[in-house]
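>>> Please work out how this folds:
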Amino acid sequence: MRIVRLANFVSGRSGGLRTALRHLGEGYRDAGHEPVLVIPGDRAGVTRHPWGPMITLPGPALPGSGGYRVLTDRAAVRRLLTRLAPDRLEVSDRSTLRWTGTWARAHGVPSVLVSHECLTGLLGQWGMTGSAARRVADRLNRRTVAAYDRVVCTTRWAAEEFARIDAPTVDLVPLGVDLTTFRPERADRALRERYADDTEVLLVHCARLSTEKRPGLAIDALAALRRAGVPAVLVMAGDGPLRGTLARRAARLPVHFTGFLPDRSAVAALLATADVVLAPGPVETFGLAGLEALASGTPVVVNAASALPEVVGGAGVAAYGTPAALADAVLRLLDRPAAARRAAARARAEEFGWPAAVAGFLRAHGADVPVPSPAAASGTTAEGTPGRLDHPTA
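Sure, this is the predicted structure:
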């Protein structure tokens with residue numbers, strides 16, 4: 001069947017969402033389906049990829065977003081959907097694209113909305129907190145549930161706001177991680193020597209440098225560690241609208257900015273070489289970069305307000321979003337024997353595999369799910385279901 005996927009906020013330099021779209025598309029194709037991805041760009045076009053054709057429609061850039069674009073021409077999207085005649089519609093934006101659920105229902109096309117963000121958390125980031133944020137999120141989430149046949153959430157943390165409104169059509173499907181590209185053997189001695197000596201702690205922040213990721217907390221946590229006498233250095237891997245501001249903030253600290261790293265192998269080497277990875281974003285609903293760090297054998301300090309504690313489990317430490325708390329979490333991880341903490345990180349990542357994620361998404365679409373071979377099912381439990389999601393006890 002043809003699965004047409006619509007997504008906003010995807011660019012050549014976007015991270016987790018683009019990675020998920022790629023792996024899911026490859027999984028759909030391998031299962032015998034026809035995935036078609038539609039995203040905004042600066043001009044119309046079609047490109048071919050292993051995960052299926054990618055159609056670009058012109059969409060304006062969001063000011064201050066560092067290049068993100070949005071599909072705003074509803075007439076053009078409608079014409080394209082009519083021409084593509086999807087058997088299933090999958091949408092990865094519940095704000096500006098919510099209307100496509102109504103289109104799908106009017107045309108008899110089963111639809112799935114993938115909730116990549118916590119609306120309550122985002123409203124909090126925008127200054128609306130407490131009961132006001134919950135009321136607004138509940139109202140908008142009811143509209144989303146009414147518009148689509150199914151809603152897919154990747155963590156219980158993300159699903160909680162739908163449970164709050166007793167939504168009956170929500171599926172929990174954890175994403176996966178590329179266990180081949182990201183592995184401990186990628187650690188690179190020469191790369192480590194570029195940034196730190198044998199006496200220093202190498203920290204890495206690998207994410208888009210934008211407000212919702214709170215990258216400044218990583219720099220402030222480094223400053224707290226340095227004040228405490230810990231010889232730590234920080235590598236900021238990624239780019240975004242805050243890079244200039246962050247560079248000025250870190251002027252007196254040992255912080256290295258790599259910019260965007262297009263080579264996934266280079267990202268994998270950096271994550272495997274680090275002692276600890278920092279993921280301070282408070283509204284992450286899954287956090288693929290954190291899971292990629294675990295697959296690389298590197299433990300992660302995560303923001304306790306996000307979904308990441310559920311994902312990293314005991315292979316990481318959750319801390320509330322203050323520099324002191326993050327610095328203390330780094331020290332707690334470093335107190336564990338290096339071999340043990342690295343083995344625990346990799347073992348946790350191996351509970352998440354893309355075959356299980358693909359199977360869960362296809363079930364949400366009502367599609368037949370092929371039974372993967374034991375080797376292909378790496379990252380699933382013995383029953384072939386996604387790995388458990390829980391909170392760390394550390």
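
>>> on contacts alone, who are the packing partners of the lowest-mean-pLDDT helix or strand in the chain?
Lowest by mean pLDDT, DSSP states H and E among the helices and strands of the chain is helix 119-125, with a mean of 72. Here helix 119-125 touches helix 130-147, going by 3 or more C-beta pairs under 8 Å, 6 or more residues apart in numbering; DSSP states H and E. All C-beta atoms are positioned from the backbone trio N, CA, C, and that covers glycine.

>>> which residues sit against the helix it packs on?
With contact meaning C-beta atoms under 8 Å, 6 or more residues apart in numbering, helix 130-147 is reached by 94, 98-99, 101-102, 105, 111, 113, 115, 119-120, 123-124, 128, 151, 161-162, 164-165, 167, 169-170.

>>> out of these, which are buried?
For the contacts of helix 130-147, a burial check counting by 16 or more other C-beta atoms under 10 Å picks out 94, 98, 101, 105, 111, 113, 115, 119-120, 123-124, 151, 161-162, 165, 167, 170.

>>> So which of those residues are in strands?
Ser111, Leu113, Ser115, Val151, Val170 (DSSP state E).

>>> so the fourth one touches Ser115, yeah?
Yes - taking contact to mean C-beta atoms under 8 Å, the distance of 5.9 Å between Val151 and Ser115 places them in contact.

>>> hang on, the earlier thing: centre of the chain to the least confident helix or strand of the chain, how far?
In terms of C-alpha atoms, centre = their mean, to the nearest Å, the centre of helix 119-125 is found 16 Å from the chain centre.

>>> ok, now stretch 242-250?
23 Å.

>>> just stretch 177-194 next, same as before
20 Å.

>>> repeat for stretch 299-317
13 Å.

>>> got a list of what Pro86 touches?
Pro86 makes contact with Arg2, Ile3, Val4, Val36, Ala104, Val109, according to C-beta under 8 Å, 6+ apart.

>>> In those residues, find the pair that's most separated.
Val36 and Ala104 (14.3 Å; C-beta to C-beta).

>>> Could you point out the helix or strand that follows the lengthiest strand in the chain?
Ranked by number of residues, the top strand in the chain under DSSP E is strand 34-41. For strand 34-41, the following helix or strand on the C-terminal side (DSSP states H and E) is strand 45-47.

>>> Just list what the following helix or strand past that next one packs against, helices and strands only.
Sequence-wise, the next helix or strand downstream of strand 45-47 (DSSP H and E) is strand 54-58. Packed against strand 54-58 by the contact rule (3+ C-beta pairs under 8 Å, 6+ apart) you find strand 34-41, strand 45-47, helix 74-84.

>>> low-scoring stretches of the stretch 51-200 of the chain, by residue?
Where the stretch 51-200 of the chain drops to pLDDT under 70, the residues are 64-66, 125-126.

>>> Let's see that with 80 instead.
Along the stretch 51-200 of the chain, segments meeting pLDDT under 80 span 63-67, 116-129.

>>> Sounds good, over and out.
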